[in-house]
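Peer 1: sequence-free structure coming up:
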């Protein structure tokens, strides 16, 4: 499973939920008729998406078995995933944002800068939002800075000095 977003809140009174996507493109989740919903350490359940749409900078969706606002509120905070087998194949040196979130960021001097909390799309390039002991730092996701992404060990090696934090 690849985590693609989370339920942020109920949306209206008819069972709709507001979704915070973790995808590069806001509407990527709309390509799937079925989502898996659950907590990070389970359990997960498959849910049919009855209707969905882009709503400002989030998504809104009506899910099967979610008839009213009370049911929608119970989903708040749950994660949304799709099976990796349903995702398009990636080219070499391409990564799903959801794979990068939670990875440790270490610089070439061996200093741990923090953990990837989010990615931002700036137009020119994507930016890692890294949360660490010094707070949030923003690191451009460009070849000159990102030296290695090790998915297996969940580590990103960067050419970024700890002095840049101050």
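Peer 2: The structure has been received and is ready for your questions. Because the structure is predicted, anything quoted here is derived from the model rather than measured.
Peer 1: Name all residues that make contact with residue 27.
Peer 2: Neighbouring residues of residue 27 by CB atoms under 8 Å, 6 or more residues apart in numbering: 54, 59. C-beta here means a position set from N, CA and C on the backbone, and glycine is covered the same way.
Peer 1: Now the nearest residue to residue 128 once chain neighbours are set aside: which helix or strand?
Peer 2: Counting by CB to CB, 6 or more residues apart in numbering, residue 128 lies nearest to residue 139, which is 4.5 Å off, once chain neighbours are set aside. If you go by DSSP states H and E, residue 139 is part of strand 135-140.
Peer 1: Any idea how far that strand is from the middle of the chain?
Peer 2: With CA atoms, centre = their mean, to the nearest Å as the basis, strand 135-140 stands 16 Å off its chain's centre.
Peer 1: what are the bridge partners for the nearest residue to residue 93 once chain neighbours are set aside, then?
Peer 2: Once flanking residues are discounted, residue 93 sits nearest to residue 149: 7.9 Å by CB to CB, 6+ apart. Taking DSSP bridges as the rule, residue 149 bridges to residue 156.
Peer 1: For residue 149, the count of nearby residues, please.
Peer 2: Using other CB atoms under 10 Å, residue 149 is surrounded by 18 other residues.
Peer 1: With residue 81 instead?
Peer 2: Applying other CB under 10 Å, we find 20 residues neighbouring residue 81.
Peer 1: I'd like to know how far it sits from residue 37.
Peer 2: 8 Å (CB to CB, to the nearest Å).
Peer 1: Can you measure across stretch 85-95, start residue to end residue?
Peer 2: Stretch 85-95 has an end-to-end distance of 15 Å (criterion: CA to CA, to the nearest Å).
Peer 1: Centre of the chain to it, how far?
Peer 2: 15 Å.
Peer 1: Counting neighbours, which bits of the lengthiest helix in the chain end up buried?
Peer 2: Using DSSP state H to define each element, the chain has its longest helix at helix 69-74. Within helix 69-74, the residues that count as buried by 16 or more other CB atoms under 10 Å are 69, 72.
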